[in-house]
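> 3D model of this:
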Amino acid sequence: MPLLVPRPKVFITYASVDAWVAGKICEEINQTGVSTFLAKRNIEAGDDFESRIDCEAEECSEQVVVLSRTAIKSSYVWIEVGLFRGQRKRTVYLLNGLSAKKVSIAKKIPVRAKALHFLDLNDIGTYLAELRSRAGGT
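Sure, this is the predicted structure:
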């Protein structure tokens, strides 16, 4: 009997000023047939924000972080990253307006985060192809 691998679900982490970019990334991911969690779209008025974030981080198989100058300064971004790193789940950083060199020397970025491979936002196609492969697509 073949081993059933659950389909990925992607949690998108972003600073509020990057909401439009995060929405576009969400659309691109959804076009691969993979479901997503995006706070702006999935959390409704009256929801317990922190509880929903915790539940979705548990349910999602991986995380995409839209890393911008603003995101680096956001405590919420790093809390969400910590949720995924603590569960040893895949975290993919998409650099928005930053270079890998700037990220490597930024003091506000945790050392463990710097050890991961970063992708420029313009290279999102690479991530989407890898995601499609993990989801069992072509």
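
> Sketch out the low-pLDDT regions of this structure for me.
Scanning the chain for pLDDT under 70 picks out 1-5, 111-112, 114-116, 137-138.

> As a check, name the ranges of all helices in it.
Using DSSP state H, the helices of the chain run over residues 19-31, 39-42, 49-59, 69-72, 75-86, 100-105, 111-114, 124-134.

> what would the ones you listed look like in JSON lines with distance to residue 93?
To be clear about C-beta, it is placed using only N, CA and C from the backbone, and glycine gets the same treatment. Below are these laid out as JSON lines (distance: least, Cβ to Cβ, whole Å):
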{"stretch": "helix 19-31", "distance to residue 93": "12"}
{"stretch": "helix 39-42", "distance to residue 93": "18"}
{"stretch": "helix 49-59", "distance to residue 93": "16"}
{"stretch": "helix 69-72", "distance to residue 93": "9"}
{"stretch": "helix 75-86", "distance to residue 93": "9"}
{"stretch": "helix 100-105", "distance to residue 93": "8"}
{"stretch": "helix 111-114", "distance to residue 93": "7"}
{"stretch": "helix 124-134", "distance to residue 93": "10"}
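
> tell me the most buried of those helices?
Highest mean neighbour count of these: helix 69-72, a mean of 19 (counted as mean count of other Cβ atoms under 10 Å).
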